[in-house]
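Enquirer: Next input, structure requested:
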Amino acid sequence: MSKVSAIQLNSGPNVKVNLYDIKSYIEQISDSDSKMVVLPENFALMPENDNDYIKHAEVLDDGQIQNTISTLASTYKIWIVAGTIPIKSPDKDRVMASTITYDHTGKRVSLYNKIHLFDVTLPKSKESYNESKYFMPGDKIEVLDTPIGRAGIACCYDLRFPELFRLQQEKKIEVIILPASFTEQTGKVHWETLIKARAIENLSYVVSSCQGGYHINGKKTYGHTMIVNPWGKTLDMLEKGKGFITSDVDLLQLKSIRQNFPVLDHMKLIKNK
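Expert: Numbers count the residues shown, from 1 in each chain. Sure thing, here's the model as predicted:
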């Protein structure tokens, strides 16, 4: 059994202020025996203008954001899933939305570029999103072994595409890690249902880390950072405000559930010829 923590933020356009908040929470988490901490989507930068993602883009493995998180991981001897960081891409007008995982020595051990980009105008709202204008989509799933189990990495809008997690399940994942910045409007009706559905159908833990609150750019995020077990039970949740949650990941219990309820062994993906 091992512990995992997830931080909830209300990030703004000041990178230094956001990183200071993260450092203060990781200091508190380090007093527990958590093996991993998960950061939300856009944890270091929620800009007033989306063009600022290009302005603050970093070269992979070098930059203020990456260097800070790597140092925090090595200083506090904890794994950090940092999602997302704007990383330069081959297209000068777009960046990658990269979730980067660092081990307890500060070494980068995983890179996931968000596959599904949020291009949506919310119903009965002036809020609209056009992520593909500023971000390039990734094209590879990411699965890695971590101190809390074999983990599949995803991000926010990916949650609506169960096929991605089925591909990860082919690689025997035990935990789904999901940094997010879910909108207030859609979160109210869909967030908890989708999180629990992904947990139940994959018989996997889900660890989500969210933005939550009103942002300087006028957008509202739902919060509700959650850790859910493979049976769909909420182990811990932070609905509103900044802070963090911590819960156990019990791989022996997961193994028992999968043995007694072997739904994953019964799965048949039939493709029409």
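Enquirer: Quick check: the gap between the residue nearest the centre of the chain and Glu142.
Expert: Residue closest to the average C-alpha location in the chain (Cα atoms, centre = their mean): Pro179, at 1.6 Å. In this view, Pro179 and Glu142 are 12 Å apart by Cβ to Cβ, to the nearest Å. All C-beta spots, glycine's among them, are computed from the backbone N, C-alpha and C.
Enquirer: sorry, back to before: what is the strand or helix carrying the residue nearest to the centre of the chain packed up against?
Expert: Per DSSP states H and E, Pro179 falls inside strand 175-180. Counting contacts by 3 or more Cβ pairs under 8 Å, 6 or more residues apart in numbering; DSSP states H and E, strand 175-180 packs against strand 34-39, strand 79-88, strand 149-153, helix 192-202, strand 205-210.
Enquirer: I would like the residues contacting that strand, please.
Expert: 4, 38-41, 43, 81, 83-84, 99, 146, 148-156, 158-159, 165, 168, 195, 198-199, 202, 204-211, 249 (Cβ atoms under 8 Å, 6 or more residues apart in numbering).
Enquirer: for that strand, what is the average pLDDT?
Expert: On average, the pLDDT along strand 175-180 is 98.
Enquirer: same deal with stretch 204-217?
Expert: 95.
Enquirer: Show me what counts as buried in it.
Expert: For stretch 204-217, the neighbour count (16 or more other Cβ atoms under 10 Å) marks 204-213, 215 as buried.
Enquirer: And those, which is closest to Val17?
Expert: Relative to Val17, the closest of the buried residues of stretch 204-217 is His215; by Cβ to Cβ it sits at 13.0 Å.
Enquirer: Tell me who's in contact with the closest one.
Expert: The contact partners of His215, by Cβ under 8 Å, 6+ apart, come to 10-12, 46, 221.
Enquirer: So which of those residues wins on neighbours?
Expert: Ser11 (28 neighbours; other Cβ atoms under 10 Å).
Enquirer: Next one: the closest residue to that one other than its chain neighbours, what pLDDT does it get?
Expert: Spatial nearest neighbour of Ser11, excluding adjacent residues (Cβ to Cβ, 6 or more residues apart in numbering): Met46 at 4.0 Å. Note on Met46: pLDDT of 94.
Enquirer: Next, the contact list for Met46, please.
Expert: Residues in contact with Met46 (Cβ under 8 Å, 6+ apart) are 11-13, 18, 181, 211, 215-217.
Enquirer: If we ignore the residues flanking it in sequence, what's nearest the residue nearest to the centre of the chain?
Expert: Gly83 (3.0 Å).
Enquirer: pretty sure that neighbour is touching Ser208, no?
Expert: No: assessed by Cβ atoms under 8 Å, Gly83 is found out of contact with Ser208, at 10.4 Å.
Enquirer: okay, and the common contacts of those two?
Expert: With contacts taken as Cβ under 8 Å, 6+ apart, Gly83 and Ser208 have 38, 179 as neighbours in common.
Enquirer: So Gly212: helix, strand or coil?
Expert: Of the three states, Gly212 takes strand according to DSSP: H, G, I helix; E, B strand; the rest coil.
Enquirer: what's the spacing between the nearest residue to it once chain neighbours are set aside and Ala44?
Expert: The shortest distance from Gly212 to any non-neighbouring residue, by Cβ to Cβ, 6+ apart, is to Gly223 (2.4 Å). As judged by Cβ to Cβ, Gly223 and Ala44 stand 18 Å apart.
Enquirer: ok, now Tyr134?
Expert: Distance of Tyr134 to Ala44, computed by Cβ to Cβ: 16 Å.
Enquirer: Pro230 now?
Expert: Going from Pro230 to Ala44 by Cβ to Cβ gives 31 Å.
Enquirer: what's the weakest-modelled helix or strand in the chain?
Expert: None of the helices or strands of the chain scores lower by mean pLDDT, DSSP states H and E than strand 128-130, at a mean of 84.
Enquirer: And it, what's buried?
Expert: Tyr129.
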